[in-house]
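> Can you look at this prediction? I've put the sequence above it.
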Amino acid sequence: MVKLITTSCLVPTALFLLTATIAAVSCTSQPTSRAFTMEPIGWVHKNEGTTWIEIDRRFEDALLGLEDFSHVWVFWWFDRNDTPGQRRILQVHPRGDADNPLTGVFATRAPVRPNLIALTCCRIISIEQNRIAIANIDALDGTPVVDLKPYLPMLDEVENVRLPAWIHRTGQASRPAEMAPPSSQAITLTIVYDNNQHHPGLETAWGFACIVAGLEETILFDTGGDGRILLNNMQKMGIEPEQIDCVVLSHQHGDHTGGLSALLDRNNKVTIYAPASFPDKIKQAIKRSAAQLIEVKGPQAVCRGARSTGQMGRAIQEQALAIDTNSGTVIVTGCAHPGVVRMVRQVQLAGDSTLALVVGGFHLGSASDPELTSIIQDFKEMGVERAGPCHCSGERARQRFKEAFLENYVSVGVGSQLSFEHPTRENR
């Protein structure tokens, strides 16, 4: 039996001790008691969108070498729940949802349990002296940290994972980016702004934004319509504005460019790829921010493995993004005002024979059933393997694509994360 007693653990700078009595069992004797103490090595701090762990100066030397890792496991204490009553709770309805089955706390991540230990895998942004800047953590400001361990993919990644049905029903099987095991072999698309819900912890709003990571540069495709929502969703998914290397703006509408100024306030070192037809007002605002502006006319490389279709259309000129993966080309569209079929065909005409996925806004909200039938047939004839319409695609279009593509339909919304392997040498 283990008994833990905490003292003054709500105050970050106060003494925090865990005193325990544990029964030790040997093969030849009766259980005997052994006492030990545990104290925090640091505390979580959060302020104005910045998250960091401040390590107690006594343990600063233990950080040597941690800067060589990208992620760290943070073990922390549910100190706000440290009461005898909370420690006695052994079964809960996960996430406080009565529709979920009654489950033992050892089969959940609930903040009630005999020993109030929690853990989070965090991306390391920087380490300066005793301060570790991290992308995010699901702990409150002032939470005591009891240990750190580096993330090691050879030990921490597992295959053939089995999960209970309630995990899938609540959406927890699709985790925020900061909780997903990192992989140097993956290209990831993370939708950080959309009017369709995928992850319940994120805010929806009319617009679209998607982050492409895993290439030589991290790309933000569109910025949604509201900078506050964009940055908040990014923070919740463990993505800092400073990580973005370049921004590709599909077209000039506010639900795709409205978050740009807020992003530039945090990171003006980006390169922005915008259609040359953009209004001078937007171009001048970009230049005043000191960000680099590249005006896109024809097909344009963004970085190795990613390129723009070039601006297309007449009334509303727009560009799409094509990304090379081992599965084929992934195409991301903002609204597809020039026509989603036309934009996909433009990528195909550039020599992309395998079209692995088309995802984003298809602008089909007012399309008739015959028009949808024709567009889906064109997708099939062009060899599009998977389709993920969202944003302005319309519910009827999403349903029709789902019926046509079956298991190859990709249901996406804010919080969706799609992963692809890098192209092999033969596929480049």
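Noted; the coordinates are in hand.

> Please work out the average pLDDT along the helix or strand hosting residue 36.
Residue 36 is located in strand 32-38, with elements delineated by DSSP states H and E. Strand 32-38 shows a mean pLDDT of 68 in the predicted model.

> same question, stretch 304-323
Rounded mean pLDDT across stretch 304-323 is 95.

> Now the terminal residues of that stretch, how far apart.
The straight-line separation of the ends of stretch 304-323 (Cα to Cα, to the nearest Å) is 9 Å.

> So for that stretch, what gets flagged as buried?
For stretch 304-323, burial by neighbour count (16 or more other Cβ atoms under 10 Å) applies to 305-313, 316-323. Heads up, the C-betas are built off the backbone N, CA and C, glycines and all.

> Then stretch 331-344?
Buried, per 16+ other Cβ under 10 Å, within stretch 331-344: 331-341, 343-344.

> again with stretch 122-140
122-125, 127, 130, 132-139.

> Verify the contact between residue 100 and residue 107 for me.
No. Here residue 100 does not reach residue 107: they are 11.2 Å apart, not a contact under Cβ atoms under 8 Å.

> higher neighbour count, these two?
residue 100 (18 against 12; other Cβ atoms under 10 Å).

> where does the residue lying closest to residue 40 once chain neighbours are set aside land on pLDDT?
Among residues not flanking residue 40 along the chain, residue 144 sits closest, at 3.8 Å (Cβ to Cβ, 6 or more residues apart in numbering). With respect to pLDDT, residue 144 has a value of 94.

> ok, how many other residues are close to residue 144?
Using other Cβ under 10 Å: residue 144 sits among 23 other residues.

> Quickly list what it is bridged to.
Beta bridges link residue 144 to residue 43 when assigned by DSSP bridges.

> One more: residue 301?
residue 307.

> From what I see, it and residue 294 are in contact.
No. Residue 301 is not in contact with residue 294 according to Cβ under 8 Å; the separation is 10.3 Å.

> And the two? Which one has more around it.
Between residue 301 and residue 294, residue 294 has the larger neighbour count (other Cβ under 10 Å), namely 14 against 10.

> Restrict the helix or strand harbouring residue 283 to CA atoms and write it as PDB.
Using DSSP H and E, residue 283 falls within helix 280-288. Taking C-alpha atoms only, helix 280-288 is exported to PDB below (Å, rounded to 0.1, in the frame of the first residue of the first chain):
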ATOM      1  CA  ASP A 280      -2.400  46.400 -53.600                       C
ATOM      2  CA  LYS A 281      -3.800  47.000 -50.100                       C
ATOM      3  CA  ILE A 282      -2.900  43.400 -49.100                       C
ATOM      4  CA  LYS A 283       0.400  43.500 -50.800                       C
ATOM      5  CA  GLN A 284       1.400  46.700 -49.100                       C
ATOM      6  CA  ALA A 285       0.400  45.400 -45.700                       C
ATOM      7  CA  ILE A 286       2.600  42.400 -46.200                       C
ATOM      8  CA  LYS A 287       5.600  44.500 -47.300                       C
ATOM      9  CA  ARG A 288       5.100  46.900 -44.300                       C
END
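
> Mind giving me the packing neighbours of it?
helix 260-266, strand 271-275, strand 292-296 (3 or more Cβ pairs under 8 Å, 6 or more residues apart in numbering; DSSP states H and E).

> With distance to residue 61 and mean pLDDT added, can I get these in TSV?
TSV is the format used below for those (distance: least, Cβ to Cβ, whole Å; pLDDT from 0 to 100):
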stretch	distance to residue 61	mean pLDDT
helix 260-266	33	96
strand 271-275	40	97
strand 292-296	41	96
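
> Highest mean neighbour count out of these?
Burial of the helices and strands packed on helix 280-288 is given as mean neighbour count (mean count of other Cβ atoms under 10 Å); strand 271-275 ranks first at a mean of 23.

> Quick one: residues in contact with that one.
245-249, 251-252, 260, 282-283, 286, 291-297, 300, 302, 308, 311, 317-319 (Cβ atoms under 8 Å, 6 or more residues apart in numbering).

> got the angle between that strand and strand 292-296?
30 degrees (axes from the mean of the first three to the mean of the last three Cα atoms, to 10 degrees).

> All the strands of the stretch 1-150 of the chain, in order from the start?
18-24, 32-38, 42-47, 50-55, 71-77, 91-92, 103-104, 117-128, 131-134, 144-150 (DSSP state E, counting those that start in this stretch).

> nearest to residue 406, of these?
strand 103-104 (32.4 Å; Cβ to Cβ).

> what are the pairing partners of that closest one, and which direction each?
For strand 103-104, pairing defined by DSSP bridges yields strand 91-92 (antiparallel).

> which residues does residue 50 bridge with?
Going by DSSP bridges, residue 50 forms beta bridges with residue 47.

> low-confidence ranges in this structure?
For the chain, applying pLDDT under 70 flags the ranges 1-35, 48-49, 95-97, 168-185, 352, 424-428.

> biggest helix in it by residues?
Under DSSP state H, the helix in the chain containing the largest number of residues is helix 369-382.

> outside of the next helix-or-strand element following it, which residues touch it?
In the C-terminal direction, the helix or strand that comes right after helix 369-382 (DSSP H and E) is strand 387-390. With Cβ under 8 Å, 6+ apart as the test, strand 387-390 has contacts from 191, 194-196, 208, 357-362, 364, 379, 397-398, 401, 405, 408-413, 416, 418.

> Narrow those residues to those in helices?
Per DSSP H, the subset of the contacts of strand 387-390 in helices is 379, 397-398, 401, 405.

> Distance check, the nearest residue to residue 42 once chain neighbours are set aside against residue 309.
In this structure, residue 42 finds its nearest non-sequential neighbour in residue 55, 4.0 Å apart by Cβ to Cβ, 6+ apart. Relative to residue 309, residue 55 is positioned 48 Å away (Cβ to Cβ, to the nearest Å).

> by contact count, what packs against the strand or helix carrying residue 247?
Taking DSSP H and E as the criterion, residue 247 maps to strand 246-248. For strand 246-248, the elements it packs on are strand 219-221, strand 271-275, strand 300-303, judged by 3+ Cβ pairs under 8 Å, 6+ apart.

> will you turn the ones you listed into JSON lines that also has distance to residue 165?
Below are those laid out as JSON lines (distance: least, Cβ to Cβ, whole Å):
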{"stretch": "strand 219-221", "distance to residue 165": "34"}
{"stretch": "strand 271-275", "distance to residue 165": "43"}
{"stretch": "strand 300-303", "distance to residue 165": "41"}
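
> do you know which of these lies nearest residue 83?
strand 219-221 (43.7 Å).
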